[in-house]
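Fold the following and give me the result.
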Amino acid sequence: PRKLRTLAEMGQDIGHPELPELVSILLFQQRNPGVDIPDISKCPKAIDPGYSFSSAVATFYAPSYFSGANGMHHQCIHASSSWRNGAPHYDCVFVEKDPTLPGFQGLYVAQVLLFFSFHYQNVHYPCALVQWFSSPLLGMNPVLTQACGKLSMSMMNMVII
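Numbering: from 1, shown residues only. Prediction:
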């Protein structure tokens, strides 16, 4: 189910009170592609409440016996602070980071912490807050991103799962 809440409330719920600032960075990047991020005070602020979701469905092409004749497959991805009134449940996903690399070389692994959406100046932003990982031969290591440490915002239509 979806919940109508402020970005600050969503961030507090998942232990990331910096969510409103991350959304401000996302808005600046979406409105100013290729421009360096200025001081956070100069970034746009989304002040209206948005919706948080405990899951999303990804539909993708995966040619195999299990996907059927056309190769289409779907998967439910969870990001819940309380899974069935118990412990949290945050799924991991593959995200395309470099489409020029073959196969899995162009994919990163991320853990989805929150699915949410909001409106800013009449534009709908379906988003996911993710924690990035790399997958070198010796295991999983956090990937540091320039803007916000290990956390990053991704527009859902840019995430390929």
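
how about the nearest residue to Q131 once chain neighbours are set aside, what does it touch?
Ranked by Cβ to Cβ, 6 or more residues apart in numbering and with sequence neighbours excluded, the top spatial neighbour of Q131 is Q111, at 4.7 Å. (Each C-beta comes from the backbone N, C-alpha and C, glycine too.) Applying Cβ atoms under 8 Å, 6 or more residues apart in numbering, we find Q111 in contact with Y90, D91, C92, V93, V130, Q131, F133.

Next, find the distance separating Q111 from P17.
18 Å (Cβ to Cβ, to the nearest Å).

P126 too?
22 Å.

of those two, who's got more company?
P126 (17 against 14; other Cβ atoms under 10 Å).

Name the residues of whichever strand or helix holds F133 that are buried.
Element membership for F133, per DSSP states H and E: strand 123-134. Residues Y125, P126, C127, A128, L129, V130, Q131, W132, F133 are the ones in strand 123-134 that count as buried (16 or more other Cβ atoms under 10 Å).

And stretch 43-51, by the same measure?
Using 16+ other Cβ under 10 Å as the test for burial, stretch 43-51 gives C43, P44, A46, P49, G50, Y51.

Switch those over to TSV; also include pLDDT and distance to G106.
Below are those laid out as TSV (pLDDT from 0 to 100; distance: Cβ to Cβ, whole Å):
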residue	pLDDT	distance to G106
C43	91	29
P44	93	31
A46	90	30
P49	93	36
G50	94	30
Y51	94	31
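
Give the residue spans of this protein that score low on pLDDT.
Scanning the chain for pLDDT under 70 picks out the ranges 1, 63-69, 134-161.

Which stretches in it count as helices?
Under the criterion DSSP state H, the chain carries helices at the ranges 7-13, 19-31.

Using a markdown table, lay out those together with distance to G106.
As requested, the helices of the chain are exported to a markdown table (distance: least, Cβ to Cβ, whole Å):
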| stretch | distance to G106 |
| --- | --- |
| helix 7-13 | 30 |
| helix 19-31 | 21 |
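
can you redo the ones you listed as TSV with mean neighbour count and distance to P99?
Converted to TSV, those look like this (neighbours: other Cβ atoms under 10 Å; distance: least, Cβ to Cβ, whole Å):
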stretch	mean neighbour count	distance to P99
helix 7-13	19	30
helix 19-31	19	19
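
nearest to A56, of those helices?
helix 7-13 (14.9 Å; Cβ to Cβ).
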